[in-house]
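Q: Sequence first, then the predicted structure, then my questions.
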Amino acid sequence: MDLLVLSLFWPPRIGGVENANQALVAGLRAEGHRVAILAPVGAAPGLPCSEVQGVDPDRPRAASGAWHFLRAARAALARGRAQWVGVLHTAGCGPAAWVLSRLHGIPYFVLAYGMEVLVESPGDPRRAARAGLQRVVLRGAARVIAISQATADRLLAVGVEARRVHVIPPGIDVEGLSGRGDPAVARALRERHPGRLVALTVARLVERKGHDAVIEALRAVPGVVYVVVGEGPERDRLVALARQAGVVDRVEFLGRVDDPAAYYRAADVFVMPSRGGAGDRDVEGFGLAYAEAACFGLPSIAPAVGGPAEVVVAGETGWLVDPARPAQVARALREAAEDPGRRASMGERALARVRGRYGHRRAARDLARVLGESP
């Protein structure tokens, strides 16, 4: 099968979506499919990527981005054929695929991560316009691949036809990811906190991720150190909260790091009690962070709603909590600290689950099957 893939979310940008997109393409190629990639300038070296000149990675919804994707895609189609155009997250490139389907008659599929399903906000005409455009792109796709049932439900709620929606969890290169991480960096972190449970969050510092709930929970679990990898607008507030809570000496804000895998290696448990309702634009459509943590044998503390609850199995591979109740986060952290044997068993089951369910070649085979089916 010949595919032309468009995505703004591609390395060297750092994030779970970028990792999942790259893993899916790797899986498709490993299964014998030919995949050409259109990604922003600076895409990972060594891959046969066409550069999309002028796309600003910090402004994914800029109209100019869609124009440049369209121009580059038409040039790529002039050089070779494609049976499908793939949109790996609609931001920046979804409208280009819609136009291509009208100009060239090539069907497109969308890999939907959840954030694409914008909900209109009264008094915000720009958001209403973006929401309307996203719905046009989603409804025009021959296939819409939802990364979780929670994401599929959101797609159906905005009018995407059920026959077009297919749930395929994102693929992860489990062995490739788990083999990363500088042991020296991991060892240095452990040596800074001997005898303490190391809880880790790797995420943007935004309100929805629930860092504040973890900081509040630390008051009740004195034997826990909280390591925070990531940058974002909430940093100053979170630092102030840690001081106010009297736990600033047990919270490390590391900012953006070049080797996040090293911190997964050093951690004992991954914690991210994300919050967000159906009306939120930035949602946890699946819970890639929890699956990535599982690649390192870590159990997770996750919210008991949405996509993360499909990844983490309560009592088996981690703990599910109410993000609005820091006491539940504290209880999970306490259990993780007090029973290292159970914690290790949960981590082993989490790794086995991610190997069995979320391998990148499995995701590629499922996608190829769905694209080969009659609509």
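A: Nice, I can see it.

Q: Direction included, what does the one helix or strand residue 270 maps to pair up with?
A: Under the criterion of DSSP states H and E, residue 270 resides in strand 269-271. Note on strand 269-271: by DSSP bridges, its sheet partners are strand 197-202 (parallel), strand 300-303 (parallel).

Q: Nearest to residue 259 among those would be which one?
A: Counting by Cβ to Cβ, residue 259 lies closest to strand 197-202 out of those; the figure is 11.2 Å. No exception for glycine: its C-beta is placed from N, CA and C like everyone else's.

Q: I'd like the strands paired with strand 269-271 laid out as a markdown table, including mean pLDDT, mean neighbour count and distance to residue 246.
A: Below are those laid out as a markdown table (pLDDT from 0 to 100; neighbours: other Cβ atoms under 10 Å; distance: least, Cβ to Cβ, whole Å):
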| stretch | mean pLDDT | mean neighbour count | distance to residue 246 |
| --- | --- | --- | --- |
| strand 197-202 | 97 | 24 | 17 |
| strand 300-303 | 96 | 29 | 21 |
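
Q: surely residue 38 meets residue 8?
A: No - Residue 38 sits out of contact with residue 8 when judged by Cβ atoms under 8 Å, with a separation of 9.7 Å.

Q: per the record, what domains does this structure have?
A: Under the assignment automatic domain parsing, the domains of the chain span 2-173+359-372, 178-357.

Q: And the strands in the protein?
A: Using DSSP state E, the strands found in the chain span residues 2-6, 34-40, 49-52, 84-88, 108-112, 143-146, 165-167, 197-202, 224-229, 251-255, 269-271, 300-303, 318-321.

Q: For the fourth one, C-alpha coordinates in CSV please.
A: C-alpha atoms of strand 84-88 as CSV (Å, rounded to 0.1, in the frame of the first residue of the first chain):
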residue,chain,number,x,y,z
TRP,A,84,-4.4,7.0,0.8
VAL,A,85,-3.5,10.3,2.4
GLY,A,86,-3.0,10.0,6.2
VAL,A,87,-3.5,12.8,8.7
LEU,A,88,-1.8,12.0,11.9
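
Q: List the strands paired with it, with their directions.
A: Strand 84-88 has its sheet partners listed here by DSSP bridges as strand 2-6 (parallel), strand 108-112 (parallel).

Q: same thing with the second one?
A: Each strand that strand 34-40 pairs with, and the sense of that pairing, follows from DSSP bridges: strand 2-6 (parallel), strand 49-52 (parallel).

Q: Return the member of the ones you listed having the minimum mean pLDDT.
A: Ranked by mean pLDDT, those end with strand 49-52 at the bottom, a mean of 41.

Q: Where does the prediction get shaky in this structure?
A: Within the chain, the segments meeting pLDDT under 70 span 41-65, 118-123, 276-284, 374-375.

Q: try 50 this time
A: For the chain, applying pLDDT under 50 flags the ranges 43-63, 277-281.
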